[in-house]
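# Prediction below, plus the sequence it came from.
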Amino acid sequence: MDYLSIKALHIIFVITWFAGLFYIPRIFIYQTEALSKPEPEKSILQAQLALMAKRLWYIITWPSALITAIMAITLLYLQPQWLDLPFMQIKLLLVGVLYGYHFSLHHIFKLLQDGVVKYSSMQLRIWNEVSTLILISVVFLIVKKDQLSWISSVLGIFAVVILLMSGIKLYKYIRTK
């Protein structure tokens, strides 16, 4: 398989991985909120959402995360000089953070599958935005490479965080009305 085909597969599986990372916290939020429903609605929702989470996590998200890593390692094996570039080192650091986030979601997944709720739906809504911040950071880093100024990057990330948090607060306000 040629370099560009591997790169295309890498991008495809990054997209499917992010799809899982974006959606699984939403399911966690719904699972948490289902606890406040009366029976039998509560039990029906809990069973259905647990099944949805299990299928999403083990059929889409985990395989995509693993294939993404395999494709990335293959790309770096074929083009090892990329490892010498500062933007690639930062990207790999961000990818490490993303895998840490993935593992944190796995922990929450296991807790919820066991019926243990440790986080409120609001905490999960905020945690849901972490993957968005990482995605934005990596995309800008990859597109702009070494042209990216640290000051504008940091200010941009803070602006996105403020917008996301404002959106969460607005959504909470609208829901409580």
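Perfect, thanks for sending it.

# chain center to the helix or strand of the chain with the lowest mean pLDDT: distance?
Across the helices and strands of the chain, the lowest-confidence element by mean pLDDT, DSSP states H and E is helix 150-176, at a mean of 74. On the basis of CA atoms, centre = their mean, to the nearest Å, helix 150-176 sits 17 Å off its chain's mean C-alpha point.

# which helix is the longest one in this protein?
helix 3-34 (DSSP state H).

# what's the next secondary structure element after that one?
helix 41-55 (DSSP states H and E).

# mind listing what's buried in that following helix?
45-46, 49-50, 52-53 (16 or more other CB atoms under 10 Å). From N, CA and C alone the C-beta is placed, and that goes for glycine too.

# And stretch 110-125, by the same measure?
112, 119, 121, 124-125.

# about what we covered before: packing partners for the longest helix of the chain?
On a contact count with 3 or more CB pairs under 8 Å, 6 or more residues apart in numbering; DSSP states H and E, helix 3-34 meets helix 41-55, helix 62-78, helix 86-113, helix 121-128, helix 130-144.

# Just want the angle from it to helix 62-78.
150 degrees (axes from the mean of the first three to the mean of the last three CA atoms, to 10 degrees).

# Let the chain start at 51 from now.
Sure thing, new numbering starts at 51, so read that last one as helix 53-84.

# Helix 180-194 and helix 53-84, what's the angle between them?
Using the same axes, to 10 degrees: helix 53-84 against helix 180-194 is 160 degrees.

# Taking their axis directions, helix 53-84 and helix 171-178 sit at what angle?
Using the same axes, to 10 degrees, helix 53-84 lies at 170 degrees relative to helix 171-178.

# avg pLDDT for helix 53-84?
For helix 53-84, mean pLDDT is 97.

# now swap in stretch 100-110 and tell me
Rounded mean pLDDT across stretch 100-110 is 97.

# Which pair of the buried residues of helix 91-105 spans the longest distance?
The span of the buried residues of helix 91-105, defined through CB to CB, is set by 95 and 103 at 11.9 Å.

# any common contacting residues for those two?
residue 81 (CB atoms under 8 Å, 6 or more residues apart in numbering).

# Residue 195 reaches residue 137, doesn't it?
Yes - the pair residue 195 / residue 137 is scored as a contact, 4.7 Å apart, by CB atoms under 8 Å.

# Mind listing what's buried along the longest helix of the chain?
56-57, 59-60, 63-64, 66-68, 70-71, 73-82, 84.

# and if you look at stretch 108-123?
110-112, 114-115, 117-118, 121-122.

# what does that stretch rub up against?
Counting by CB under 8 Å, 6+ apart, 56-57, 59-60, 63-64, 66-67, 69-71, 74, 145, 149, 152 sit against stretch 108-123.
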